[in-house]
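> structure of the sequence below:
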Amino acid sequence: TSPVLFGNSVIVLAGIEDNGFVIALDKLTGEIKWKAEQDKAEYRSPTIGKLNNNYALLTAGGELLYCLDPKTGQTKWKYPIEGGLTNTAMPVLVKENWILLQTQQQGLILLEVNQDPVQSDIKIVWKNKKIKNTECLPSIQDEHIYCYSGRFLTCLSLMDG
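Numbering: from 1, shown residues only. I've put the predicted structure just below:
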């Protein structure tokens, strides 16, 4: 995974097999500022951005999508992904409250997260099972998603997949 910077922190994913962690290190001293557990160690990089006007750190474990406070590491919410996530694709923040994910069994899905979310406030906007697993991140331009489906470059509508 690649580290991400937030303020004076360097945030990395670490762990072994079924013991995953997200760790924030002080970028000047290397001291651990906070540590949060996740369901599995994976090869994805975390994502930081604004979600519903608040900074959010998104990480994906084996079967759960996590939203953490990047300042404290406190878990804001967890969302189960039926069939699990792909091994390397990281969550992509789209607009103010949408998250694009590549999954093992559901293909590409777009989630909508409402203000102050708990699990019941997260819904699937659409899913496209025709998009096959890939290690490449989707790219968003205007109302289009460009991604690989297997070895083929594909363009999808952001609004309906």
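
> center of this structure - which residue?
Centre of the chain computed as the mean C-alpha position; nearest residue by CA atoms, centre = their mean is Pro91, 2.7 Å away.

> and that residue, what is it in contact with?
Applying CB atoms under 8 Å, 6 or more residues apart in numbering to Pro91 gives the contacts 47, 58-60, 65, 99-101. For the C-beta atoms, the positions are set from N, CA and C on the backbone; glycine is no exception.

> which of these fall in strands?
47, 58-60, 65, 99-101 (DSSP state E).

> without its sequence neighbours, what residue ends up closest to the residue nearest to the centre of the chain?
Distances taken as CB to CB, 6 or more residues apart in numbering place Leu58 nearest to Pro91, at 4.3 Å, with adjacent residues excluded.

> per-residue confidence for that neighbour?
What the model reports for Leu58 is a pLDDT of 93.

> can you count the residues close to Gln106?
18 (other CB atoms under 10 Å).

> what do you get for the one 4 residues further on?
Counted with other CB under 10 Å, residues neighbouring Leu110 total 23.

> so the residue of the chain most remote from its centre: helix, strand or coil?
In terms of distance from the mean C-alpha position of the chain, Thr29 ranks first, at 27.4 Å (CA atoms, centre = their mean). Here Thr29 is recorded as coil under DSSP: H, G, I helix; E, B strand; the rest coil.

> with that, I have no additional questions.
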